[in-house]
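Colleague: A structural model of the following input is requested.
(one chain, ligands or ions: 1)
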Amino acid sequence: MSGPDNAAPAYRDDESFARTMDDRDPLRDYRERFHVPKLPDGRDVIYLAGNSLGLQPKTVRGSVESALDDWASLGVDAHFGGKVPWYPYHESLRKPGATLVGALPDEVVFMNGLTVNLHLMMVTFYRPTDDRYKIVMEDCAFPSDTYAVKTQIAFHGRSPDNALIIAKPREGEHALRSDDIEDLLEREGSKIALVLLGGVNYYSGQVFDMARLTEAAHRNGCRIGLDLAHAAGNVELKLHDWNVDFAVWCTYKYLNSGPGAVAGCFVHRRHVQDTSLPRFGGWWGNDPKTRFRMHLEPEFKPLKTADAWQLSNPPILAMAPVLASLRIFDEAGMAAIRAKSRTLTGYLQFLLDRASNDPDKSGGRFEVITPRNPAERGCQLSILVHDDLEPRRDALQSAGVVCDFREPNVIRAAPVPLYNSYRDVRRFVRIILRLD
Ligand SMILES: *Cc1c(COP(=O)(O)O)cnc(C)c1O
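Modeller: A predicted model of the protein is given here:
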């Protein structure tokens, strides 16, 4: 991760500035590749909820229809004879998926849902012993992760009361400091089996220093896994080089692959080579050379790739949108996506800052709890509202803004570089201030 953004343009809050930025945006044509929901009057909504459910790429329909057509015309023979044959279908996701998260192709597999993958990874990488049995998570982790971790701990006959450590921000702060997490690992490391962090925290939008914390975890003999639900397709990742043990992510948020879409999973090369690791097995994790010998080959022979954690044959109709979407990321490239994201989210911060300096506008009634350093945040800003959330929520909803509200008083807005514009951001801020 690089330092503060020195290349931020001199932002202005007039309409013509937003228009000029849009005209000069190298990614501006990508918006056309997505279906943007419409208001009753035919205008596009201002869609800032790509951190919850990304918009549908127009190529998704063709990708799904092609799989349906192959099924209709070929039946079972589409496994090998389809336009994108089903038997190796998951392999066509591997390369663009690996590029996206900074991995080698044999370290990545798309399968199941995120929480399922988290459980499968903990089966392998959370192996508590009498000395080392604790799991560290960040405060305000996504509830599914907390449920997964607590039930894994209980599954091993232990209690979350003493086996789960929550790393919390300091009093009065909203983001966790790397120094504090590192201190925690130095202090308690000999008892910690697993560190599980969101690469980007879903609530605050904070990006953790994944390289540094991986090193700190390993220095203390802990395994480290990342939940990249809010990081994949949002920030640049180098999972292989960072030496992360495993990672899981969903593909329906920034990755635009549709509701409940098939999730991603990363296992570091040094682990995929080790066929002795404990895991749950299924036929799609088995060596393809013997897979179809079926009952003649009762011994599970795991592949030496992340595919070894695959259980079932892949759901082709659900994988088709992922394939279509990954192609867009492959074409645009995360470097260009991230470059626009920094400027676009920087613009959102600038407009909100101006409002909070102007007592007639926000009058200190809200604050951004996401870190200000562009290296420590992705698309999303989380806005903590100090006065009543309801009128702002009503104003946003009736003006056709789609964003996310978290109880009790946080608005999460995520300008997504592939389909959001500077004008979207400007209109959002004017509406949240109820100027429009
Ligand atoms: C969105 C999200 C999930 C959702 O889990 P699913 O298994 O995909 O339903 C889990 N964890 C995090 C951190 C998330 O952001």
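Colleague: and stretch 87-105, how far out from the chain middle?
Modeller: How far stretch 87-105 lies from its chain's middle: 16 Å, per CA atoms, centre = their mean, to the nearest Å.
Colleague: what's it in contact with?
Modeller: 79-80, 84, 106-111, 228, 232-233, 236-242, 247, 249, 255, 264, 266, 269, 307, 310, 314, 316, 319, 322-323, 326-327, 329-330, 334 (CB atoms under 8 Å, 6 or more residues apart in numbering). For glycine as for every other residue, the C-beta is placed from the backbone atoms N, C-alpha and C.
Colleague: and it, which residues are buried?
Modeller: Within stretch 87-105, the residues that count as buried by 16 or more other CB atoms under 10 Å are 87, 89-90, 92-94, 96-105.
Colleague: same deal with stretch 144-159?
Modeller: D145, T146, A148, V149, K150, Q152, I153, R158.
Colleague: just stretch 27-38 next, same as before
Modeller: L27, Y30, R31, R33, F34, V36.
Colleague: which of the buried residues of stretch 87-105 lies closest to the ligand?
Modeller: V101 (15.0 Å; CB to the nearest ligand atom).
Colleague: now for the closest residue to that closest one other than its chain neighbours: which residues touch it?
Modeller: Leaving aside its sequence neighbours, V101 sits nearest to L237 (CB to CB, 6 or more residues apart in numbering; 4.6 Å). Contacts of L237 were listed using CB under 8 Å, 6+ apart, and they are L100, V101, G102, G199, M210, L228, A231, M334.
Colleague: setting aside sequence neighbours, what's the nearest residue to the last one?
Modeller: If you skip the residues right next to it in sequence, M334 has E236 as its closest partner in space, 5.1 Å away by CB to CB, 6+ apart.
Colleague: which of the three states applies to the one you found?
Modeller: Three-state assignment for E236 (DSSP: H, G, I helix; E, B strand; the rest coil): coil.
Colleague: give me the neighbour count for D69.
Modeller: 14 (other CB atoms under 10 Å).
Colleague: element containing it, please.
Modeller: Element membership for D69, per DSSP states H and E: helix 59-74.
Colleague: I'd like the next helix or strand past that helix.
Modeller: Taking DSSP H and E, what comes next after helix 59-74 is helix 78-81.
Colleague: so what touches that following helix?
Modeller: In contact with helix 78-81 (CB under 8 Å, 6+ apart) are residues A67, D70, W71, L74, P85, W86, Y87.
Colleague: where does G205 fall, phi/psi-wise?
Modeller: phi 80, psi 10 (degrees, to the nearest 10).
Colleague: pretty sure it sits against S382.
Modeller: Yes. Using CB atoms under 8 Å, G205 is in contact with S382, at 5.0 Å.
Colleague: in terms of packing, which of those two has more residues around it?
Modeller: G205 (28 against 24).
Colleague: one step back: ok, the buried residues of stretch 87-105 vs N162, which is closest?
Modeller: Closest approach to N162 among those (CB to CB): V101, at 33.4 Å.
Colleague: for that closest one, phi and psi?
Modeller: According to degrees, to the nearest 10, the main-chain angles of V101 amount to phi -110, psi 10.
Colleague: quick check: closest non-adjacent residue to V429.
Modeller: Spatially, and ignoring its direct neighbours in sequence, V429 is nearest to L351 (4.1 Å; CB to CB, 6+ apart).
Colleague: please pick the buried ones from the contacts of helix 78-81.
Modeller: Counted by 16+ other CB under 10 Å, the contacts of helix 78-81 give A67, D70, L74, P85, W86, Y87 as buried.
Colleague: residues contacting the fifth one?
Modeller: If I follow you right, that is W86. So W86 contacts A67, D70, A78, H79, F80, P314, I316 (CB under 8 Å, 6+ apart).
Colleague: now L418
Modeller: Residues near L418 by CB under 8 Å, 6+ apart: L27, Y30, R31, R33, F34, N256, I328, A332, I337.
Colleague: how about JSON lines for the contacts of W86, with pLDDT and distance to D14 added?
Modeller: Below are the contacts of W86 laid out as JSON lines (pLDDT from 0 to 100; distance: CB to CB, whole Å):
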{"residue": "A67", "pLDDT": "96", "distance to D14": "48"}
{"residue": "D70", "pLDDT": "97", "distance to D14": "52"}
{"residue": "A78", "pLDDT": "95", "distance to D14": "55"}
{"residue": "H79", "pLDDT": "93", "distance to D14": "58"}
{"residue": "F80", "pLDDT": "93", "distance to D14": "59"}
{"residue": "P314", "pLDDT": "94", "distance to D14": "50"}
{"residue": "I316", "pLDDT": "97", "distance to D14": "50"}
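Colleague: residues touching the nearest residue to A78 once chain neighbours are set aside, list them.
Modeller: Take A78 and drop its neighbours on the chain: the residue closest to it by CB to CB, 6+ apart is D70, 3.9 Å away. By CB under 8 Å, 6+ apart, D70 lies in contact with A78, G81, G82, K83, V84, W86.
Colleague: do you know how far the first one is from A72?
Modeller: Separation of A78 from A72 (CB to CB, to the nearest Å) stands at 9 Å.
Colleague: just the fourth one next, same as before
Modeller: To A72, K83 is 12 Å away according to CB to CB.
Colleague: one step back: among the contacts of D70, which ones are buried?
Modeller: By neighbour count, with 16+ other CB under 10 Å, the contacts of D70 hold A78, G82, V84, W86 as buried.
Colleague: tell me if L197 really is in a strand.
Modeller: Yes. Assessed by three-state DSSP, L197 belongs to a strand.
Colleague: tally up the residues packed near it, please.
Modeller: Neighbours of L197 (other CB under 10 Å): 27.
Colleague: for it, list each beta-bridge partner.
Modeller: Taking DSSP bridges as the rule, L197 bridges to L226.
Colleague: so who does it touch?
Modeller: L197 touches V136, M137, E138, F208, M210, L213, I224, G225, L226, D227, counting by CB under 8 Å, 6+ apart.
Colleague: surely the fifth one is in contact with G225?
Modeller: No. Counting by CB under 8 Å, M210 does not reach G225; the two are 11.0 Å apart.
Colleague: so what sits against both of those two?
Modeller: The contact sets of M210 and G225 overlap at L197, V244 (CB under 8 Å, 6+ apart).
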